[in-house]
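Visitor: would you be able to build a 3D model of this:
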Amino acid sequence: MDQSVAIQETLDREENCLIAVQCNILCDDMTESRLLGLVDSSKEYAIFLYTHKRMAITAEDVVLEDIIPISTDFAVVEVSSPEELAVVGADTRIRISFLEYEMELRLPFGSQSRLFLSEVNRAWSDVCKTTSQVPKFEWLEKYQKSTKGQGSVTHAFAPIGSKIARLSQRKKSGKTSDQKGAVEKEKASNGDLQKSKTSSSQESLGVSSREDRDDMVRSSSHTPSNKAQILAMPQFGLRDNLIRCELLKNEDLYTYLENFSFFLGTYNVNGQTPKESLSPWLSSTADPPDIYCVGFQELDLSKEAFFFSDTPKELEWTKAVTEGLHPEAKYALVKLVRLVGIMLLFYIKKEHAEFISDIEAETVGTGIMGRMGNKGAVAIRFHFHNSDICMVNCHLAAHTEEFERRNQDFKDICSRLQFRQLDPTHPPLTIMKHSVILWIGDLNYRISDLDVDNMKDLIGKKDFETLHSYDQLRRQIDEEAVFVGFDEGKLNFQPTYKYDTGSDLWDTSEKCRAPAWCDRILWKGKNVTQKHYKSHMALRTSDHKPVSSLLVIGIKRVNAESYKKTFEEIVRNIDKMENECIPSVTLSKREFHFKDVKFMQHQAETLSIFNDGQVPCQFEFIPKPNETTYCKPWLTANPPKGFIAQGGIVEIDLEVFVNRMTAPELNSGKQEIEDILVLHLERGKDYFISVTGNYLPSCYGTSINSLCQIRDPIQDMPQEILHNKLNMPETESSGEKPLDIPKELWMMVDHLFRNAIKQEEIFQQPGLRIEFAEIRDCLDTGMPDSLPGSNHSVAEALLLFLDALPEPVVPYSFYLQCLECCSNASQCVKVISMLPQCHQNVFNYIAAFLRELLKNSSQNRLDVNILTTIFASLILRSSTKQDLTEKRKTQEFFQHFLGQGSSQ
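Guide: All right, here's what the predicted structure looks like:
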């Protein structure tokens, strides 16, 4: 998640947060979490430090503590102790110094930390290049009152703030001035795990070029432990890509398979703390596994969990897992990743740790607007020897009838969870791009079409095969709705949900949940054998039982001698080919037509590129003359660049997706689905690909004024007449009396008023995407007469409608007036009375509906703050960047209209 958004909201318009990273301040045995942001103001840079109570979503989640200007008196040094080199995935320790003071921070391992260090180094280098113009940092003065301590903003070059000074500062000793600005790497050798490595130290006394700086940062965070890992390192230029491609193509010549055991475990702990040893679960194998992948769900059920908060339960359960690992081996914790209550731990035997590389961790929430993290997934990907593996731990939507929502959650996780590659020019990796995928979690699929008594009867008879035939996950896999290509072992154990906590008794609560195999383990890939798949009834901490699976996976290892011979042969052949051959390709087709494109409905066509030349080739879609991007904003080529082996084929997905930014001009006819893509071959010619289509106009992305002029469904109107109406200035009239409010808005609000006024979690729980498509089509075509879909889907459709308006309910021209009078209720009412009539009607209509919702707050669990937070940002938007003060003022303004005595 991009936490720079939260920092940006705390800044004035002139400042820009380039990148943010979460870290820990280190002081002896103490650590405290902080958020770092690199801020730019007219080419002057500073690092802003924030305290935060949770993962930062908005400015309300952070408090500015100190500011460190980036001048020639600034330095950042990467340092690590021998213990932290136990695994390649160790977090990065850095030392930031400014004038006479310094502090140590720990950054999480991964691409975000590497990018942060690279950007800081680039900023420092820019400062050093402009020695004639010394930064004044006058812009920092306005933040002085915001800092908690007497921070560095007091004087532009004063010591770092008092709070940090107490935590982690110490006087520098023996540092010379020409060391400042360096990004170093000081890592000692590790005798147990990396005997072949010697201690290294790298210093830069001033980096002259961007390439040198980038190389320095890359080298400081990636240390290959064997020759084959060249495949995972950043590659630049055609020749390097040729070699990489040929190495992958001839992998069988220098690799062999060796079996390693993977213990996979999943446990929904229902918000509990560890009350018993986890050894019966984690040490249940005769021999110690080589790798552990341990996942938890519902680690924390507190209300703050919905906002990505820190939790002490992370440390408690991590400690319990570490103590419960197999006692006959020593393990290193490679990586921990958590999203609210979903946590994944990755351990490896210490003797194997040096063969782990290219580790990345990512998370994705599947709650409404992608923010709620109570459901979603966490994942870790890594390179082990010469195999790439991805581990996923997920918690999908609950309730028996919500299997389609679970299917959508699975698809969202697969599409939205992406890992950055070491080379930032390469497209990100999705889960399915890995050769082995290990998927664990509380998938929440239930047993359906069978009453509880019959379920328990089959369980008593241990007739799990019959019971499994009623399992929703099995049925969805059979229908190829989810987990296509995945395998799961035979379910020879009783359902793992739901039990009375502390016992082996089925749920006796008022809800009396039916038994279900919620907790599952699946895998995808070759050379995988399952040795066991079972639950562990002895653990009674939760209302779920933990599940484990032991997999033996054939991992590709490298034969160094064969690798050397293959590498040298490839280089010789490439030298010969480069001198003799020009690349060429054949395209499957050069014209693509997308029929009936709709708002927020993805369409894709496949372009196949066949390399019919005598040499591997490198391709890229390039911008046309006088254009900055290679395609229109509604079009994407995935991947936009790549490499094709000789005789190989690459498939490119040409994807069309119209959103709130592109819909208005397509609705009005000012833009059309039409573009030309230029496919460029390195050392070869360019190919031109035509993309056309027809867009079906929608009420989404159409203005309030235009919709009030249109009495028929928007798609029933002849195109020419529709375009004339949509392009008509608001001051003109078509002659007909306009509608008071758009009929589409009325249909959604009326539906919710009649069906969802008491609906629990309305406007907080997301709907189904397929149902949104049906609702959109109904609004645009007038068929059927009433809106389809669940109440949650209609509610989300309403929010999307307001978000897609080209001009918000309160027009941009009234925005500043609203801010100025936000604390005066009567003045706020006066501003609304001045709005164009159709906008005024819409505002009052929505406010009246929300007041009705609040009258039923005991059933729907809504309050003024929730509704204000959701709707104020949609109804009262700024045409430019909105800072925190403005955001609060818009909420204060809108809140005046939600009180029960504020009806208009």
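Visitor: from now on I want contacts and neighbour counts done on CA atoms only, so please keep to that.
Guide: Will do.
Visitor: wasn't residue 671 part of a helix?
Guide: No - applying DSSP: H, G, I helix; E, B strand; the rest coil, one finds residue 671 to be coil, outside a helix.
Visitor: surely it and residue 663 touch.
Guide: No - using Cα atoms under 8 Å, residue 671 is not in contact with residue 663, being 9.2 Å away.
Visitor: the more surrounded of those two?
Guide: More crowded of residue 671 and residue 663, by other Cα atoms under 10 Å: residue 663, with 27 against 13.
Visitor: quick check: the more buried one vs residue 74, distance?
Guide: Separation of residue 663 from residue 74 (Cα to Cα, to the nearest Å) stands at 47 Å.
Visitor: also residue 129?
Guide: For residue 129 relative to residue 74 (Cα to Cα), the value is 14 Å.
Visitor: with residue 717 instead?
Guide: 64 Å.
Visitor: these two: who's more crowded?
Guide: The residue with more neighbours, out of residue 717 and residue 74, is residue 74; 23 against 15, by other Cα under 10 Å.
Visitor: what is the closest residue to the more buried one other than its chain neighbours paired to in the beta sheet?
Guide: Spatial nearest neighbour of residue 74, chain neighbours left out: residue 98 (4.6 Å); criterion: Cα to Cα, 6 or more residues apart in numbering. Beta bridges link residue 98 to residue 74, residue 101 when assigned by DSSP bridges.
Visitor: correct me, but residue 98 touches residue 67?
Guide: No - using Cα under 8 Å, residue 98 is not in contact with residue 67; the gap is 10.9 Å.
Visitor: more neighbours: these two, which one.
Guide: Of the pair residue 98 and residue 67, residue 67 is the one with more neighbours under other Cα under 10 Å, namely 27 against 24.
Visitor: which SSE is the more buried one in?
Guide: Take DSSP states H and E as the rule and residue 67 turns out to sit in strand 62-69.
Visitor: I'd like to know which elements that strand is packed against.
Guide: For strand 62-69, the helices and strands in contact under the criterion 3 or more Cα pairs under 8 Å, 6 or more residues apart in numbering; DSSP states H and E are strand 44-52.
Visitor: the strand it packs on - what's its average pLDDT?
Guide: In this model, strand 44-52 carries a mean pLDDT of 91.
Visitor: each with direction, which strands does it pair with?
Guide: strand 30-41 (antiparallel), strand 62-69 (antiparallel).
Visitor: ranking those strands by burial, who's on top?
Guide: strand 62-69 (a mean of 24; mean count of other Cα atoms under 10 Å).
Visitor: what's the burial count for residue 129?
Guide: 12.
Visitor: please report phi then psi for it.
Guide: phi -70, psi -20 (degrees, to the nearest 10).
Visitor: pLDDT wise, what is it at?
Guide: 78.
Visitor: for residue 264, find the nearest of the strands paired with strand 44-52.
Guide: Residue 264 sits nearest to strand 30-41 of all these, at 29.8 Å, using Cα to Cα.
Visitor: next, the contact list for residue 598, please.
Guide: 658, 695, 696, 697, 698 (Cα atoms under 8 Å, 6 or more residues apart in numbering).
Visitor: per-residue pLDDT, the last one?
Guide: You'll see residue 698 listed with a pLDDT of 97.
Visitor: same check, this time on the first one
Guide: What the model reports for residue 658 is a pLDDT of 96.
Visitor: numbering from 42 from now on, please.
Guide: Sure, I'll start counting at 42 from here, so that last one is residue 699.
Visitor: quick one: it from residue 642, how far?
Guide: From residue 699 to residue 642 the distance is 7 Å (Cα to Cα).
Visitor: please name every helix or strand in contact with the biggest helix by length in the chain.
Guide: As assigned by DSSP state H, the longest helix anywhere in the chain is helix 601-621. When contacts are defined as 3+ Cα pairs under 8 Å, 6+ apart, helix 601-621 packs onto helix 278-290.
Visitor: angle of the helix it packs on against helix 601-621?
Guide: 140 degrees (axes from the mean of the first three to the mean of the last three Cα atoms, to 10 degrees).
Visitor: keeping just the C-alphas, turn helix 278-290 into CSV.
Guide: Below are the C-alpha coordinates for helix 278-290, written out as CSV (Å, rounded to 0.1, in the frame of the first residue of the first chain):
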residue,chain,number,x,y,z
GLY,A,278,20.8,-3.9,-22.7
LEU,A,279,20.1,-6.3,-25.5
ARG,A,280,23.1,-8.5,-25.0
ASP,A,281,22.4,-9.1,-21.3
ASN,A,282,18.8,-10.0,-22.2
LEU,A,283,20.0,-12.3,-25.0
ILE,A,284,22.2,-14.2,-22.5
ARG,A,285,19.4,-14.3,-19.9
CYS,A,286,16.9,-15.6,-22.4
GLU,A,287,19.3,-18.4,-23.7
LEU,A,288,20.2,-19.4,-20.1
LEU,A,289,16.5,-19.9,-19.3
LYS,A,290,15.9,-21.7,-22.5
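Visitor: name the residues of that helix that are buried.
Guide: 279, 280, 282, 283, 284, 285, 286, 287, 288 (16 or more other Cα atoms under 10 Å).
Visitor: which residue is the nearest non-sequential neighbour of the second one?
Guide: So the one you mean is residue 280. residue 615 (7.9 Å).
Visitor: ok, the one you found touching residue 283?
Guide: Yes - if you go by Cα under 8 Å, residue 615 and residue 283 touch, sitting 7.4 Å apart.
Visitor: mind listing what's buried along the longest helix of the chain?
Guide: Quick answer for helix 601-621 (16+ other Cα under 10 Å): 604, 607, 608, 611, 612, 615, 619.
Visitor: next: stretch 440-456.
Guide: Neighbour counts over stretch 440-456 (16+ other Cα under 10 Å) mark 443, 444, 446, 447, 448, 449, 450, 451, 453, 454, 455 as buried.
Visitor: of the contacts of residue 639, which belong to strands?
Guide: Among these, the members found in strands (DSSP state E) are residue 736.
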